[in-house]
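[1] Predicted model and sequence below, questions to follow.
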Amino acid sequence: MIEDGRPIFVQIAEQIENDIIDGTLPEEGQVPSTNEFAAFHRINPATAGKGVNVLVENGTLYKKRGIGMFVSPGARERLLVARRDEFEKQYLRPLIAEAAKLGITRDQIAKLLQKDEV
Amino acid sequence: MSVVEISNLTKRFGSVLAVDDVTLSFEPDVIHGLLGRNGAGKTTLMQLLTGQDFATSGTVSVFGATPVENAHVMKHICFIKESQKYPEDFRVKHVFKNAPLFFENWDAAFADKLIGEFRLPLGRRIKKLSRGQLSALGVIVGLASRAPLTFFDEPYLGLDAVARQLFYDRLLEDFAEHPRTVILSTHLIDEVQNLLEHVIVINEGRILVDSDAEELRGSATTVAGTARAVDAFTAGRTVLSRQGLGSLAQATVTRLSAEDRSAAAAAGLDIAPVSLQQLVVSLSGDADTAAAAASSATTVSRKGQER
């Protein structure tokens, strides 16, 4: 889903990254075309193209002339490293801040984490 | 090269300035949104661009020439108007018989497919069509014309939600296959915002925003919280709108940096994105904030053009 307030091309790039991380798009696998992204998300093709190009420029995807876009070898591992770096900032810090607001200690958080068997 | 170049264009009807010193260009193969309130000057602007009216002053150049009385320019243009007039006793099928004479890229197979999808009765007289069917007729002609420069002026009065979605889907699909310059004027901003690559907001005949749609997304943010915290945070910023409720308040401000966001969060404020529709409402609602906002929006558009 496309949400308000953030550039659409950034969201398209993130969704492709997510698909690579969870294996929906395997390495050396072909990525849908810009027009397919545009039709699926009901967005302007130029905007979809911009999202794809972000990933071509940073090496996550590569182009085969006249054939299409493919996932680069090693892309998944690089994305995982980058996302793990972001994990603390994006998920852990807000969790600790919210817990502090509610008077939940770090020990209690640790216990909750161990209890949750998901 | 731009498809349309407008410079210092003015159109006056008596004491009313419908278009006020507008300088603007439309780029090839881009879907533009022309947004604004009723009477903002959208239709007048499109009439000037399609040679249907004479400018009071200023110049319009379409495909490098004036559109007025210029058959060479006009054959590349399709203008779908909200209130298109057809000859008396015309039936729907007569429109499709004549359309290929006006549009050299006309695709009859595509038109037939759309006629089926929009369930348009070919044998019916135009004046017996419902408002929605009349709009569907215009939309089909506009799409199947594949004109290098296509104007849709409020094309879907009376069209139901299913038909509007069909229009958006077919427009995007066909645009992807056959890129062309599209100028779409509409009030249903929420529905079309993701289709647009470039956005122009016009208010009282003047251009308020001329910007890449992606630049515009996230160019305004609403902060909400206690009135004291909101006012402390918004002091010195461009405030597009502000509402208060007792000790609570919310204000819409222009572009926030990542640091601004952390500062707002630290001050206990809630931050929410502003949709294109809300932004246009904020911009064209009230003259004073509109003027302040226009200056910040210009900054937005300059950034957009640098890239």
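    That came in fine, so what should we check first?
[2] What parts of chain B come near chain A?
    B:30-31, B:168-169, B:172-173, B:175-177, B:194-197, B:213-214, B:217-218, B:221, B:272-275 (C-beta under 8 Å from any C-beta of the partner chain). To be clear about C-beta, it is placed using only N, CA and C from the backbone, and glycine gets the same treatment.
[3] and with 7 Å instead?
    B:31, B:168-169, B:172-173, B:175-176, B:194-197, B:214, B:217-218, B:273-275 (C-beta under 7 Å from any C-beta of the partner chain).
[4] Now, of those, which are buried?
    For the residues of chain B next to chain A, a burial check counting by 16 or more other C-beta atoms under 10 Å in any protein chain shown picks out B:31, B:168, B:172, B:175-176, B:194-197, B:214, B:217-218, B:273-275.
[5] which regions of chain B sit below the pLDDT cut-off?
    Filtered on pLDDT under 70, chain B yields the residue ranges B:286-307.
[6] Residue B:5 versus the residue in it that chain A sits nearest to, what's the distance?
    Per C-beta to the nearest C-beta, residue B:273 is where chain B lies closest to chain A, at 1.9 Å. Separation of residue B:273 from residue B:5 (C-beta to C-beta, to the nearest Å): 34 Å.
[7] same question, residue B:229
    47 Å.
[8] Skipping its backbone neighbours, what lies nearest residue A:12 in space?
    Counting by C-beta to C-beta, 6 or more residues apart in numbering or on different chains, residue A:12 lies nearest to residue A:51, which is 2.9 Å off, once chain neighbours are set aside.
[9] what about the one you found, which helix or strand?
    Take DSSP states H and E as the rule and residue A:51 turns out to sit in helix A:45-57.
[10] Give me the contacts around that helix.
    If you take C-beta atoms under 7 Å, 6 or more residues apart in numbering or on different chains as the criterion, helix A:45-57 is touched by A:8-9, A:12-13, A:16, A:34-35, A:37-38, A:61-63, A:69, B:175-176, B:197, B:214.
[11] where do the helices sit along chain B?
    Per DSSP state H, chain B has helices spanning B:42-49, B:71-74, B:92-102, B:108-117, B:131-145, B:161-177, B:189-192, B:213-216, B:227-234, B:258-266, B:276-285, B:287-306. These are given in chain order.
[12] These: which one's closest to residue B:251?
    Among those, helix B:227-234 comes nearest to residue B:251, with 4.9 Å by C-beta to C-beta.
[13] For that closest one, name the packing helices and strands.
    Secondary structure elements in contact with helix B:227-234, counted by 3 or more C-beta pairs under 7 Å, 6 or more residues apart in numbering or on different chains; DSSP states H and E, are strand B:220-226, strand B:248-254.
[14] Quickly run through the sheet partners of the first one, with directions.
    Applying DSSP bridges, strand B:220-226 is found paired with strand B:248-254 (antiparallel), strand B:270-273 (antiparallel).
[15] deepest of those, which one?
    Mean neighbours per residue, mean count of other C-beta atoms under 10 Å in any protein chain shown, is largest over the strands paired with strand B:220-226 for strand B:248-254, with a mean of 20.
[16] next one: that strand to chain centre, how far?
    How far strand B:248-254 lies from its chain's middle: 26 Å, per C-alpha atoms, centre = their mean, to the nearest Å.
[17] How about stretch B:82-102?
    That offset, for stretch B:82-102, works out to 25 Å (C-alpha atoms, centre = their mean).
[18] for stretch B:163-174, same thing?
    16 Å.
[19] Retrieve the pLDDT associated with residue A:94.
    pLDDT, residue A:94: 82.
[20] quick check, it in a helix?
    Yes - counting by DSSP: H, G, I helix; E, B strand; the rest coil, residue A:94 is located in a helix.
[21] Distance-wise, check it relative to residue B:241.
    On the measure of C-beta to C-beta, residue A:94 and residue B:241 end up 29 Å apart.
[22] same thing with residue B:248?
    Separation of residue B:248 from residue B:241 (C-beta to C-beta) stands at 15 Å.
[23] count of residues packed around residue B:158?
    Look at residue B:158: counted by other C-beta atoms under 10 Å in any protein chain shown, it has 13 neighbours.
[24] That one is in contact with residue B:132, isn't it?
    Yes - using C-beta atoms under 7 Å, residue B:158 makes contact with residue B:132 at a distance of 3.8 Å.
[25] Contact partners for the closest residue to residue B:267 other than its chain neighbours?
    Of all residues not flanking residue B:267 in the chain, residue B:229 sits nearest, at 4.9 Å (C-beta to C-beta, 6+ apart). The neighbours of residue B:229, taking C-beta under 7 Å, 6+ apart as the test, are B:267-269.
[26] Tabulate those residues (JSON lines), appending distance to residue B:100.
    Compiled in JSON lines, the contacts of residue B:229 are given as follows (distance: C-beta to C-beta, whole Å):
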{"residue": "B:267", "distance to residue B:100": "63"}
{"residue": "B:268", "distance to residue B:100": "64"}
{"residue": "B:269", "distance to residue B:100": "59"}
